[in-house]
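Participant: okay, structure incoming, though there's no sequence with it:
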């Protein structure tokens with residue numbers, strides 16, 4: 001063992017100089033969203049970018065008399081597990097809430113919101129009654145017996161639910177948290193939908209709290225795969241925190257304070273955060289409320305939450321009383337099976353807490369003394385850089401990023417020829433015989449997927465049957481979205497304690513000068529920047545005590561090719577818009593225009609009584 005450590009350390013010294021080039025966090029962010037599209041179940045949308053996937057699971061729920069088509073496959077199999085799926089959606093939403101502006105600057109906010117909505121649309125279906133929630137479709141045992149594309153599934157698709165007689169407070173609580181967080185995400189762009197998911201969040205929390213029990217005691221087939229080791233108290237606090245965030249309702253504030261000790265919120269000092277154990281997430285979120293001045297008369301209780309949050313942060317950077325284990329290369333190491341899930345989750349908490357501290361002008365209090373907030377962000381950056389290739393093996397653990405990344409991913413869909421290339425049915429065991437055992441690269445690139453990652457000594461074997469290291473998971477990627485957006489945003493000003501949604505002004509005095517003409521260059525996924533957007537005020541007038549402005553926005557195709565399938569994200573828009581077609585959460589070409597030739601421009605206009613809307617490119621193709 002000692003000899004192995006020395007060899008690895010030597011390898012670290014030799015290899016690191018070749019791996020320390022700067023990373024393109026924006027590119028990594030864009031690739032991450034593609035992974036979620038590869039994990040989609042159900043009828044794929046017309047704008048699906050991962051084109052080697054096809055429709056799947058189209059009869060899910062039918063035998064139970066409920067429509068459960070949609071949602072996400074959690075990892076490399078074809079089961080839809082509710083608990084990790086809900087945690088994935090919660091973390092995607094939290095990433096958007098904190099760093100949505102940076103996602104928009106990268107042209108990815110539309111994709112981010114689509115990813116959240118793919119999950120929440122499914123949860124709406126899975127929650128057909130206030131006290132009924134379907135928490136799994138498919139059975140892990142029969143599913144793992146087969147190696148098939150999702151499009152070919154012949155395995156059992158039984159739907160499993162919780163209800164008052166078979167409760168699952170952890171599952172219902174996490175789903176409530178996901179819906180509450182998503183309601184914040186859609187509050188401005190789709191208020192009607194936001195209200196729907198928030199109503200489900202209230203009902204799910206009531207269900208979780210009123211009928212208490214562990215979900216895997218009711219859905220026993222989940223025990224082998226997603227057993228709830230931590231119980232359900234952390235999820236109840238987690239859901240209450242997100243509902244307080246979404247509503248400012250005093251009931252949830254009281255719940256967080258009155259149950260802080262009995263449910264472990266102020267008792268547990270954690271060194272991990274993930275789909276099962278939520279305490280560090282609760283403590284971080286409650287700390288934000290405290291620093292925002294939203295603790296009310298419970299400040300002393302919330303300070304106890306914050307002490308535990310800071311204990312977690314200190315353990316991550318090696319300055320606590322009980323520090324997290326790290327590999328010789330500096331990566332957090334918790335367990336050998338899919339260790340990177342804990343790395344991305346912990347790094348996300350460190351990132352947001354760093355910004356919370358910086359916003360309030362405070363330092364982190366550790367056992368060794370006070371620590372500047374920048375050390376937390378540096379820690380998170382070091383973990384992300386390791387994942388992207390700055391490690392002893394110079395291996396990127398994000399598929400498709402860099403030159404040296406896993407090629408034999410433990411993933412049914414990516415490891416078998418695409419249904420669109422060869423629609424011939426592949427039987428249950430045939431997949432194992434002909435595809436699983438192939439010692440060759442996957443025929444379909446699972447772009448953006450974060451695999452399980454290396455072992456405690458930074459070793460990694462790129463082999464399909466090495467599922468502990470080569471299987472990806474949605475909850476590996478979800479927390480990473482926020483960190484990548486934050487790192488891609490550079491060193492500009494951040495104030496995470498301000499409200500995440502700036503409300504429209506209720507009154508503008510006549511003396512207020514018109515907003516200055518504004519130029520907003522869009523930053524699409526491509527670094528070539530072929531699309532520019534300029535905005536300016538063309539006229540203004542007063543009515544009913546308000547000053548209204550007419551904005552002209554010009555979209556120009558600066559490339560030498562024809563621009564097709566343009567998707568624009570328009571946020572902070574509080575009035576009518578002309579010259580574009582609304583399509584879901586995005587805007588597309590007007591009905592009379594199918595494409596934009598090279599060098600040509602299109603104009604759209606809108607009217608409202610405040611500063612220019614935020615307009616960015618969320619998708620396009622060039623031909």
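Facilitator: Thanks, I have the structure now. No experiment lies behind these values; they were computed from the predicted model shown.
Participant: alpha carbons only for contacts and neighbour counts from here, please
Facilitator: Will do.
Participant: ok, now which ones touch the closest residue to residue 367 other than its chain neighbours?
Facilitator: Spatial nearest neighbour of residue 367, excluding adjacent residues (C-alpha to C-alpha, 6 or more residues apart in numbering): residue 320 at 5.5 Å. By C-alpha atoms under 8 Å, 6 or more residues apart in numbering, the contact list for residue 320 reads 311-312, 314, 366-368.
Participant: give me the pLDDT for residue 320.
Facilitator: Here the pLDDT value assigned to residue 320 is 92.
Participant: same question for residue 166.
Facilitator: Residue 166 carries a pLDDT score of 98 in this model.
Participant: please apply the same query to residue 539.
Facilitator: pLDDT for residue 539: 80.
Participant: doesn't it lie inside a strand?
Facilitator: Yes - under DSSP: H, G, I helix; E, B strand; the rest coil, residue 539 sits within a strand.
Participant: so it makes contact with residue 547?
Facilitator: No - using C-alpha atoms under 8 Å, residue 539 is not in contact with residue 547; the gap is 10.5 Å.
Participant: who has more neighbours, these two?
Facilitator: residue 547 (20 against 12; other C-alpha atoms under 10 Å).
Participant: any idea how far the helix or strand containing the more buried one is from the middle of the chain?
Facilitator: Assessed by DSSP states H and E, residue 547 sits inside strand 546-557. Here the centre of strand 546-557 is set off from its chain's centre by 32 Å, with C-alpha atoms, centre = their mean, to the nearest Å.
Participant: stretch 484-496 now?
Facilitator: So, by C-alpha atoms, centre = their mean, the centroid of stretch 484-496 is 17 Å from its chain's centroid.
Participant: contacts for that stretch?
Facilitator: 24-26, 28-29, 98-100, 102-103, 352, 355-356, 358-359, 381.
Participant: tell me how far the residue nearest to residue 367 lies from residue 365.
Facilitator: Residue 320 sits 9 Å away from residue 365, going by C-alpha to C-alpha, to the nearest Å.
Participant: do residue 34 as well
Facilitator: With distances taken as C-alpha to C-alpha, residue 34 is found 39 Å from residue 365.
Participant: the residue nearest the centre of the chain: helix or strand, and which one exactly?
Facilitator: Among the residues of the chain, residue 92 comes closest to the average C-alpha position under C-alpha atoms, centre = their mean, at 2.2 Å. Applying DSSP H and E as the criterion places residue 92 in helix 82-105.
Participant: and the next element down the chain from that helix?
Facilitator: Immediately after helix 82-105, counting by DSSP H and E, sits helix 109-126.
Participant: next, the angle from that next one to helix 82-105.
Facilitator: Computed with axes from the mean of the first three to the mean of the last three C-alpha atoms, to 10 degrees, the direction of helix 109-126 lies at 160 degrees from that of helix 82-105.
Participant: what comes up buried for the helix or strand that helix 109-126 is followed by?
Facilitator: Later in the chain than helix 109-126, the nearest helix or strand by DSSP H and E is strand 133-137. Residues 133-137 are the ones in strand 133-137 that count as buried (16 or more other C-alpha atoms under 10 Å).
Participant: I figured residue 29 hits residue 477, correct?
Facilitator: No - in this structure, residue 29 is not within contact of residue 477 by C-alpha under 8 Å, at 9.6 Å.
Participant: if I pick residue 444, what's in contact with it?
Facilitator: 52, 413-418.
Participant: closest to residue 464 out of the contacts of residue 320?
Facilitator: For the contacts of residue 320, the residue nearest residue 464 by C-alpha to C-alpha is residue 312; the value is 34.2 Å.
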